[in-house]
Each structure stands twice: as C-alpha cells, then as structure tokens.
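1. When you get a sec, could you give me coordinates for this:
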Amino acid sequence: MSTQNQIDYDRIAKAIEYIRGNFKLQPSLEEVAEKIHLSPAHFQKIFTDWAGTSPKKFLQFISLEHAKNLLKEEKASLFDAAYETGLSSTSRLHDLFVKIEGMSPAEYKNGGKSLVINYSFSRSPFGNVITASTEKGICYMAFEHDKETALGNLKAQFPNASFFEKQDELQHNALSIFNKDWSQLNTIKLHLKGTDFQLKVWESLLTIPMGKLSTYGNLAEKIGNSKASRAVGTAVGSNPVAFLIPCHRVIQSSGNTGGYKWGSERKQLIIGWEGSHMYSEK
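-> All right, here's what the predicted structure looks like:
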C-alpha cells in the first residue's frame, strides 16, 4: 500500500471508530472530519472513494441492528439451495471463483521442506497485505503493516520451505479480488495446509455471500455437525488466507462483530465495505 493510501485507510478507520463511539450523539460530518484533521469535503471524498457510499450510509452496514437482520435472514435460508444459487454473481464471488486444494502430508512434512514459496507485499483497501503461493496456489494471505513481522509469520507456517520475494501470476490474480470490477477475474486457487475438518470449514466459509453474515453455530449446522460450533470457531480462527476465505463474515450470534485474527476494527471495515458494495450494485 502506498504511504498516502495507508494514511487514508488509517483516517477512515479512526473516523469510523469515533462515529461508533459517539453514535448516540449523531456527530456531524464536520465534527468527524475535524477529529481526523481534514476538511469536510476532503473527508467525504476519501471516504466515498474507499467505501463507495457516504459515512452515514456505511454506518448502517456495521450496525448491530443490520447484523441481527442478516442473521435472521441467514437462519431462514440455511438449507435453501435455491436461495444461494439465486443470488447475484457478485454476492457469490468467493463461492464461484475461489477453489481450495488441501496439501498432502508429503508436501507439508518436515516444516514444508519440499515447498518453494513465492511471496509479495501489496496494498489493499484494508491495509498492507502479504500474499504467498506454492506452484499449486495461494497458501497464505495476511494483513500486516510491518513487512518484517509479515514475513516472520509466514515463515512460521512453513519453517523449512524455500522462500523467494516474487509476485507470480497466482498472486496477481488473487489480489485482483480487491478490485471493484470482477469481470476479468479468473479462478483463484488456494493450496492449504489443514486437517480434513479445517478444510471443510474453510470451504463452507466460501458459501457465505458477500454482504451477508453467519455464526459459528450456523456454520456447524451447514457442515452437518450442529454440536461442533466451538471446533468450527477454532477452525475459522486458524484460517491462513485473509479475505479470500471470508472468515470476517462470521460474527457472534448476538450480532456483535466478535474477534478477528487481523483485528476486530479491520473486520468491521471489511463487513461495511462489502455491504456498501452490494448496496451500490442494486
């Protein structure tokens, strides 16, 4: 992410934090802009460029009421295949374009000694991101501002692999999912280290439509094990590929956002960004 883009993202995050913290007071655009040291016109522009909608409309997509309504809707359609297939292609983006292949034990044994992994640092609408790939697909994606920390976390996943800083075609295609024009998007292949149960949970995450939300309990029902919500939560939390596997769409049954490996504040921003995008599509 360029320095200016990172500054804009940080300002947007700070503005939303302020608006949420003072929601009952209904702060004006001028007040919020002043808090992040921008003119109202400049703040409105950078926010709309990022979210595709106004700050006021954006807040509706991250409100508790909106989350509860989405969870009611999801519960009602949990086993309705016609509902999912009838959704727009944009809302089914991850389901249609992201494909998971599990690594074989031979591939990840001995700390991934047989793996050659390319990695690169890029910008996204939600901060700096590191993306890594084997010859078969994306094996890791994480939001992290500091490059050294990002690389260290990647290497901890595959301590004996060979690493090369290089953006290959697999990564380039995967990063295109952050664009708002998906007409040229190709299948994004993921090559993941995980147990059969983890892979099953990660695949079920792909079926949560963009702009919608789910809970750990509903995911457990979806994979046919209604009593496994705690284990599902652990699997969701160990997701190695940010955004492409949309674990950010899983929230608490109360409607609260809950935790996120890459920060609960970022999770709210992603949920709001997706909701705004789906709303502006209609």
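
2. helices or strands up against the one helix or strand E221 maps to?
-> For E221, the element it lies in under DSSP states H and E is helix 216-222. Using 3 or more C-beta pairs under 8 Å, 6 or more residues apart in numbering; DSSP states H and E as the contact test, the elements touching helix 216-222 are helix 64-76, helix 196-205, helix 229-237. Quick note: C-beta positions are derived from backbone N, CA and C, even for glycine.

3. Looking at the ones you listed, spot the one closest to S133.
-> helix 196-205 (16.7 Å; C-beta to C-beta).

4. got the helices and strands packed on helix 216-222 as a markdown table, with mean neighbour count columns?
-> Below are those laid out as a markdown table (neighbours: other C-beta atoms under 10 Å):
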| stretch | mean neighbour count |
| --- | --- |
| helix 64-76 | 15 |
| helix 196-205 | 20 |
| helix 229-237 | 18 |
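
5. Which of these sits closest to L175?
-> Nearest of the helices and strands packed on helix 216-222 (C-beta to C-beta): helix 196-205, 19.2 Å.

6. counting contacts, what elements does the closest one pack onto?
-> strand 98-102, helix 216-222, helix 229-237.

7. Output those in JSON lines, with mean pLDDT and distance to E148 appended to each entry.
-> JSON lines is the format used below for those (pLDDT from 0 to 100; distance: least, C-beta to C-beta, whole Å):
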{"stretch": "strand 98-102", "mean pLDDT": "93", "distance to E148": "29"}
{"stretch": "helix 216-222", "mean pLDDT": "91", "distance to E148": "33"}
{"stretch": "helix 229-237", "mean pLDDT": "94", "distance to E148": "24"}
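
8. Nearest to D196, out of those?
-> Nearest of those (C-beta to C-beta): strand 98-102, 7.6 Å.

9. pLDDT averaged over the following helix or strand past that closest one - what is it?
-> Under the assignment DSSP H and E, the closest C-terminal helix or strand after strand 98-102 is helix 105-112. For helix 105-112, mean pLDDT is 89.

10. partner strands of the helix or strand following helix 105-112, parallel or antiparallel?
-> Per DSSP H and E, the first helix or strand lying C-terminal to helix 105-112 is strand 116-122. When sheet partners are counted by DSSP bridges, strand 116-122 sits next to strand 129-133 (antiparallel), strand 162-165 (parallel).

11. For strand 116-122, report the contacting residues that lie outside it.
-> 1, 128-135, 139-140, 147, 150-151, 154, 158, 161-168, 171, 175 (C-beta atoms under 8 Å, 6 or more residues apart in numbering).

12. what separates that strand from the chain centre, distance-wise?
-> 19 Å (C-alpha atoms, centre = their mean, to the nearest Å).
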